[in-house]
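Participant: sequence plus the predicted model coming up.
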Amino acid sequence: MATIALDHVRKRYPNGPEAVRDFTFNIGDGEFVVLVGPSGCGKSTTLRLVAGLEDLTGGTIRIGDRIVNDVHPKDRDIAMVFQNYALYPHMSVRENMSFALKLRGVAKDQIKSRVLKAAQSLGIEDLLDRKPRQLSGGQRQRVAVGRAIVREPKAFLFDEPLSNLDAKLRVTTRAELKALHQRLRTTTIYVTHDQEEAMTLGDRIVVMADAVIQQAGPPLEVYRHPVNRFVASFIGMPPMNLIEGTLAREGDTTWFVEGPAGANGTPSRLAFPAARSPALAGAIGATVVLGLRPQMLRPAGVESTTTTIRVPISVVEPLGDLIDIFGSTPGRSRLVARLNAADSTAALRPGGEVLLDADMARAHVFEPGPFGKSIG
């Protein structure tokens, strides 16, 4: 195993955009780090730079104590698992898993031992004599992972390895990958556009957008304390509700006042707890964006003048024990609430209304703009 350090790494394609900009990040020995972000944000390019499949425009990459900028991919002592599995169709599972070891001149008995051990850890020991065409998508993915394991590399690199699997199999394979890492403790970089994968797999996650790191940290820290509006809306399902308005101060109370009212009248006015007023004082009178996660909204027993919103319902999505309610605020901002299915479900129907109570103690406030910073 080894540490991986990226120091001011940049990648610009000829006559093209800068795909990775000033990427600086250190990955600890045995750590599982997930790069997550929308398509085109630079996460896969960053992974390919670590692997040596792309040339750096600037900066330094270290694996262990060695700078690998000019080191050939095969000499970096890493193993990469691709989205499309990249298995040799004419070889058996056993031959696919042992191929790289044969090229290295590893002894036959050692190859046999490593392949069997990896196959057992992945539950594919009964598939060793099959060809890839005889395997399901999940089995092929396990073979690709097994091929990486037998090399006993310093680090694993995963490039969206689960994106070709169906939803149920993704969940199962995701759990297997996490259990595998807990056993092997091999340094791992994992790329995905799926924020749920990032949250469940990573010791730390790195959220990227526009070729730069927006925020990095433990998954729950990033979820609970997003540094800007982009991270807040990208991490979490359903996505965070974002409502534009202004902050106002009346007496000792700080209020969020929604933007222009809709046809049905008065805009929403929501009060923050007194403890939050000092941190928000500098933004009084300014345009802001209020962030409310769907889980921060609950059915209100009675209408309050401080924290409730009356929401017309447009769509109801039952999810078993949970139910998602889609509607809008008086100012016509989109609003989603995730409720317990036991909470008055009979009254939750399209065309009806629901009175929701907002948890303003946990609400987020951002500066305006796609990457507006968190306030208070």
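Facilitator: On my side now, so go ahead.
Participant: skip the chain neighbours and tell me the closest residue to Asp357.
Facilitator: Ala300 (3.9 Å; C-beta to C-beta, 6 or more residues apart in numbering). From N, CA and C alone the C-beta is placed, and that goes for glycine too.
Participant: note down every partner strand of the strand or helix carrying Phe158 and its orientation.
Facilitator: Here Phe158 sits within strand 155-159, counting by DSSP states H and E. Strand pairing for strand 155-159, determined by DSSP bridges: strand 78-81 (parallel), strand 187-192 (parallel).
Participant: spit out the contact partners of the residue nearest to Asp357.
Facilitator: Shown in contact with Ala300 (C-beta atoms under 8 Å, 6 or more residues apart in numbering): 307-308, 355-357.
Participant: most tightly packed of the strands paired with strand 155-159?
Facilitator: strand 187-192 (a mean of 26; mean count of other C-beta atoms under 10 Å).
Participant: got the contact list for that strand?
Facilitator: Strand 187-192 has contacts (C-beta under 8 Å, 6+ apart) with 1-4, 27-36, 43-44, 46-47, 50, 154-163, 181, 197-198, 201-202.
Participant: buried ones in the longest helix anywhere in the chain?
Facilitator: If you go by DSSP state H, the chain has its longest helix at helix 167-184. In terms of neighbour count (16 or more other C-beta atoms under 10 Å), helix 167-184 has its buried residues at 169-170, 173-174, 176-177, 180-181, 184.
Participant: which elements pack onto that helix?
Facilitator: Packed against helix 167-184, as judged by 3 or more C-beta pairs under 8 Å, 6 or more residues apart in numbering; DSSP states H and E, are the following elements: helix 108-122, helix 137-149, helix 195-201.
Participant: go with 7 Å
Facilitator: Applying 3 or more C-beta pairs under 7 Å, 6 or more residues apart in numbering; DSSP states H and E, we find helix 167-184 packed against helix 137-149, helix 195-201.
Participant: average pLDDT for the first one?
Facilitator: Spelled out, that is helix 137-149. Across helix 137-149, the average pLDDT comes to 88.
Participant: which stretches of the stretch 251-376 of the chain have low pLDDT?
Facilitator: Regions of the stretch 251-376 of the chain meeting the criterion pLDDT under 70 cover residues 260-266, 343-346.
Participant: ranges for the helices of this structure?
Facilitator: 43-51, 93-104, 108-122, 137-149, 167-184, 195-201, 219-224, 229-234, 277-280.
Participant: okay, these in a markdown table with distance to Gly372 next?
Facilitator: What follows is the helices of the chain, written out as a markdown table (distance: least, C-beta to C-beta, whole Å):
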| stretch | distance to Gly372 |
| --- | --- |
| helix 43-51 | 22 |
| helix 93-104 | 47 |
| helix 108-122 | 44 |
| helix 137-149 | 39 |
| helix 167-184 | 32 |
| helix 195-201 | 19 |
| helix 219-224 | 17 |
| helix 229-234 | 4 |
| helix 277-280 | 14 |
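Participant: which one of these lies closest to Thr253?
Facilitator: Of all the helices of the chain, it is helix 277-280 that lies closest to Thr253, at 7.5 Å by C-beta to C-beta.
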